[in-house]
Every structure is written in C-alpha cells, then in structure tokens.
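Student: What shape does this take:
(4 chains)
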There are 2 protein chains.
Amino acid sequence: MASRDKTDEQRFLDAYNPQDYLSPLVTVDVAIFTLIDGRLHVLLVQRANHPERGRWALPGGFIDAGQDHSLAEAAARKLREKTGVTAPYLEQVCTVGDHARDPRGWSVTVLYMALMAHAPTAAFVDSVADTRWWPLADALAQELAFDHQQLLAAARQRLSGKTAYTVLPVHTLDPPFTLTQLQQAFEEVLGAPLEKKSFRRRILGADILDEVGEAPPPGGRGRPAALFRAKAGLEDHAFVRVVGEGK
Amino acid sequence: MASRDKTDEQRFLDAYNPQDYLSPLVTVDVAIFTLIDGRLHVLLVQRANHPERGRWALPGGFIDAGQDHSLAEAAARKLREKTGVTAPYLEQVCTVGDHARDPRGWSVTVLYMALMAHAPTAAFVDSVADTRWWPLADALAQELAFDHQQLLAAARQRLSGKTAYTVLPVHTLDPPFTLTQLQQAFEEVLGAPLEKKSFRRRILGADILDEVGEAPPPGGRGRPAALFRAKAGLEDHAFVRVVGEGK
DNA sequence: ATTATTCTTGGCGTAAAGCCACTAAGTTGC
DNA sequence: GCAACTTAGTGGCTTTACGCCAAGAATAAT
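Tutor: Numbering: from 1, shown residues only, chains lettered A, B, ... in the order given. Predicted coordinates:
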C-alpha cells in the first residue's frame, strides 16, 4: 500500500510540469547598510533596463533556480556580486507581494538586510558609475524603483528596532574598535544620543566582546582607548531590556 | 525624452511574457494557534492529494493570482477557508525557499502566524474529518508534510518570543476576559509560570485594556474578577523589558 | 458563622538603566 | 616643564520595572 502510493506519487510527479501553472515572479532584494564617516549609508544601484529604467533601486533580482540553492544563498549572491564581500551579516526582513508592485505581473520579493564595514580603500563599488553608497536620508527622500522606498524603510526600521536590544551595529565596524566608536555607531543607527556609562555597563556586562589591547583614540588626541573585537555568536545575544528609553 | 522612454517601456512590457521564465512555486502557509481548555493548539489539515498525500500539514497553498491581491490577503483567505473566521491577528513570520523542500521544484513559501479565540460551539472545523486542532506538542512530535515541522517550530518560536515583550496572547481570548485568564494564556504560551503582581502591574500600567465591568470568576467560586477588553491598536505595544526572566 | 477559593493590593528587595560629575592618561602649545 | 585641552573610563546616586511573599477583600459552599 505504501509502495503502491509511492508509484502513484511518482507518476504524479512525472506528469507535473511547473510551467503549466502561472506562478508569481520571485525576486530577492537586499538593503545593505554601512557607516561612512560615521553616517549611515545604503547601497543603491541604478537600473539599466526596463522597467523603471534610470531609477535607483535596492540591489537584487530574480532567483536563479539553477544557481541558487536557497533564498539566503540567493541574497548572499546578490550582495557578493555588488560588493565583492561575503555577507558579514545578513538577515531576512520580510516578504511583500501583490499584483501591482511590478508592471510585469504578480510579483513577490523577499527583502534582506545586510550590514558591513565600509572599506574606504576598496574600489569595487565606488568606481562603478551606477552603483553608489547613498546617505540614508537622501535615499529615503527620493523616489526609488518599484516599492523599494517602502522596502528600504522597512529594513531601516528593522535595523533600529533590533539595535535597541542587540548589538547589531558591531557589524558596521572593522575590528578592532573602541567602545566610543561602537557607541557612536549605535547613536547613528538609533538617531539619538546614549548615556556613556549605561552603554558601557551594558555592553561589557554582556560578555560579548574580547579586549585586544589598546590604542590612541581615533583622532590622535586624548587618553588611549581599549580595543575590542566581537566574540563569535554575538548576533544571538539579546538584552532583556531596551536601551535609550530615558528622557 | 520622458515620453520616448515611456513608449520604450510600453513596448518592453507588451513583449514581456512571464511564462517565458521559470519562476519558483509560491505558496502561503498559516500556523493558526488557539487555546482549547487552556492548552495551546494548532490547526492542521490532512493532505488529500499528491505530493505528501495523507500527511498532516499547515493550511495553505498556492497564490491565486486572479483572486488574491496581496500576500496578506492570500493568507487571510486560506485562514478564512479553513476556519470561517476573518483573521483576528495575522502576522508574517518568515519566508523559506530552496530547491529541495518540494519535489515539484524550486519552491518558496511565506509563513504566517495567526491567533484566534476558540469558539467551542462553532462546528466549522472540528466536524471536518481531515481538519483538526492538534495539541501543539503532538503536532510538533509527528512528521508533517514537506518542511512544515520546521515552519511550525518557527511560528511557535515567534509566538513565545514576541509574547515576552508584547500582549500577543490577548488574541487567543474572547473578550471580555479577566486578568487571571490572560495570565494563564501567557503562561501556556511561554511554558512557564509568571508572577501575579508583576504581570498585573505590567499589563495595567501599559494602559492597553479597558475595564468593562466585573463578573464571578470562571469556575464560580471566589471573589468576582474585573473584566477587560483590548483597546484598539494594542498589537503595537512593546514593553521595554522582557517578562519572566526571574529565577 | 466558618472555611475555601479566587481576585486584588502592599511593601520590600533587586537588576539594570539614567544621570552627572569626577578621575585618568594621553597630546598640543607656550 | 607645565598649563590647557581632549578623549577614555569610573563612582555613586536616582529611577524604573520586575520578583517575591504575604496580607486583605469578596464571593460560594458547608
């Protein structure tokens, strides 16, 4: 009976042709954030083809069923193709899909958020004319392709939301870094100043950083600062309380 | 120039046929939770067709491009078709997609989580032979269709995770309800007892419930309990601290 | 009435954040 | 060399919100 059912199922699968059914288009889009001179930037690409030709958009594109084994891999591939970097941090944000967001038909996009440290010397991206790091405010202010404005806003919100109870912004820094640098990264992401003492207590008490020496503060003047490096697995750390709720 | 581009784009779209490209299959699955006699249950359906015939699965299915305007609507439709209820609470959990999860080919599913109050008198579902409310532990223990075991686990985790800093479990109760009932719902979802005083302080201090009278406690004996009803928009409320972290 | 049961509140301890000022250790300018 | 400046780090108190236990209040069963 079980084997009978098996051949049944085999017959069914042999006869099944996905192309007989009209499936929505499926894409992956990635909002890649980084800090440049302390300010939050996002990577956008200018579309060279229809539709929405000429508009800036989040890097992304169709799933390549031959090349990609999974959604996360597809996102990592898009990111790698645009930045030459293998995802330092990559997180799925949400999926939007409807009949109107793409003129080509019912389409679904899976949105990812990525964080990386900006490498000022790397020329991979800044040199390409149609791929640019945009200050976040400028990116959000302009009209992007499709519904990418909303996608970008959703990714941004996930970033600040999660920053309130994790250590997400470490991924925007190149190790080793100082606690002041880390705090400034938090403040830029949250858009609000944080208390120095509270911040340090919180981070150091969580035991998620390794101290790796000390160095003169960035800027040269002042007392030398302790240098830190993220411990493995710190993306899993969640504080029981949210930061930055004081007046 | 702009209009020239416009006709260009029109020509492109006219020539575009989605069926020329092989797109992944796209489905929506919903994990619907409720409390029956105080215990967490999930709604499963038994598959009548290949593949995975006979196995229990989360309710869901292909996007109907003609019928569904958006993903959320598709999820709401699946939910309505199975329960006769319009989503009291519906939240997107995550999206999984790869080449191996469905024998029919590269497939993507968008997972939603829903909460509802169980209506003991409603016969809509309990009567149908192949649709059943399963105690959550039993559902998780058995082998479900496709990767639905993992999907169910992900939805369950989202539920308990978010319960720690929101009031999600209110959606499993029929208003009006008592604070004790609400606390019991929390405890069942979290799988751990909570402190009565802390719980009440927290909930009442948040100003998200309206008191709507009082009634004898469920069970008849004892001091009457205040009855409450959820205020509009309470799904947005987030506490600054997680509950249930004491020893 | 007395007891059992359940809801409700008081009061204190504790964890972790907010706040602000002070100390520490360097660099720059005279 | 020494003051002035700059940045890093700490001390110590306040505030917030949860944990814990136990007392009080209102009702039904006996």
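
Student: For the rest of this, base every contact and every neighbour count on C-alpha atoms.
Tutor: Will do.

Student: how about the residues of chain A near chain B?
Tutor: Residues of chain A found near chain B (CA under 8 Å from any CA of the partner chain) are A:9, A:12-13, A:16-19, A:22-26, A:50-51, A:63, A:65, A:68-71, A:92-99, A:103-106, A:110, A:240-242, A:245.

Student: so what's A:A72 scoring on pLDDT?
Tutor: Here, the pLDDT recorded for A:A72 equals 96.

Student: Nearest the geometric middle of chain A, what residue?
Tutor: Nearest residue to the geometric centre of chain A (CA atoms, centre = their mean): A:A114, 1.7 Å.

Student: how far is the strand or helix carrying it from where the chain is centred?
Tutor: Using DSSP states H and E, A:A114 maps to strand A:107-115. Here strand A:107-115 is found 9 Å from its chain centre; the criterion is CA atoms, centre = their mean, to the nearest Å.

Student: can you give me the angle that strand makes with strand B:107-115?
Tutor: Strand A:107-115 runs at 80 degrees relative to strand B:107-115, counting by axes from the mean of the first three to the mean of the last three CA atoms, to 10 degrees.

Student: that older thread, show me the contacts for the residue nearest to the centre of chain A.
Tutor: Contact analysis of A:A114 by CA atoms under 8 Å, 6 or more residues apart in numbering or on different chains lists A:30-33, A:87-91.

Student: Any idea how many residues pack against the residue lying closest to A:L111 once chain neighbours are set aside?
Tutor: The shortest distance from A:L111 to any non-neighbouring residue, by CA to CA, 6 or more residues apart in numbering or on different chains, is to A:D29 (5.0 Å). Residues near A:D29, counting by other CA atoms under 10 Å in any protein chain shown, number 25.

Student: Please apply the same query to A:T163.
Tutor: A:T163 - counted by other CA under 10 Å - has 20 other residues nearby.

Student: Please apply the same query to A:I203.
Tutor: Neighbours around A:I203, by other CA under 10 Å: 17.

Student: Then the one 5 residues further on?
Tutor: Using other CA under 10 Å, A:I208 is surrounded by 18 other residues.

Student: wait, what's in contact with the residue nearest to it when sequence neighbours are not counted?
Tutor: In space, A:I208 comes closest to A:K231 once its chain neighbours are excluded; the distance is 5.4 Å by CA to CA, 6+ apart. Residues near A:K231 by CA under 8 Å, 6+ apart: A:208-210.

Student: How much space separates A:K231 from DNA strand C?
Tutor: From A:K231 across to DNA strand C, the span is 18 Å (CA to the nearest atom of the strand, to the nearest Å).

Student: measure that residue to DNA strand D for me?
Tutor: As judged by CA to the nearest atom of the strand, A:K231 and DNA strand D stand 18 Å apart.

Student: What's opposite A:W56 in the beta bridge?
Tutor: A:Q46 (DSSP bridges).

Student: got a pLDDT number for it?
Tutor: The model's pLDDT for A:W56 equals 94.

Student: give me the number of residues near it?
Tutor: By the measure other CA under 10 Å, the count of residues near A:W56 is 24.

Student: Surely it touches A:L44?
Tutor: Yes: under the criterion of CA atoms under 8 Å, A:W56 makes contact with A:L44 at 6.1 Å.

Student: So, low pLDDT: which residues of chain A?
Tutor: Filtered on pLDDT under 70, chain A yields the residue ranges A:1-21, A:87, A:120-129, A:246-247.

Student: ok and the longest strand seen in chain A relative to strand B:107-115, angle-wise?
Tutor: Ranked by residue count under DSSP state E, the longest strand found in chain A is strand A:25-36. Here the directions of strand A:25-36 and strand B:107-115 differ by 80 degrees (the same axes, to 10 degrees).

Student: Okay, now the sheet partners of strand A:25-36, with direction.
Tutor: By DSSP bridges, strand A:25-36 pairs with strand A:39-46 (antiparallel), strand A:60-62 (antiparallel), strand A:107-115 (parallel).

Student: Buried deepest among those strands, which one?
Tutor: A comparison of the strands paired with strand A:25-36 by mean neighbour count, using mean count of other CA atoms under 10 Å in any protein chain shown, puts strand A:107-115 on top with a mean of 24.
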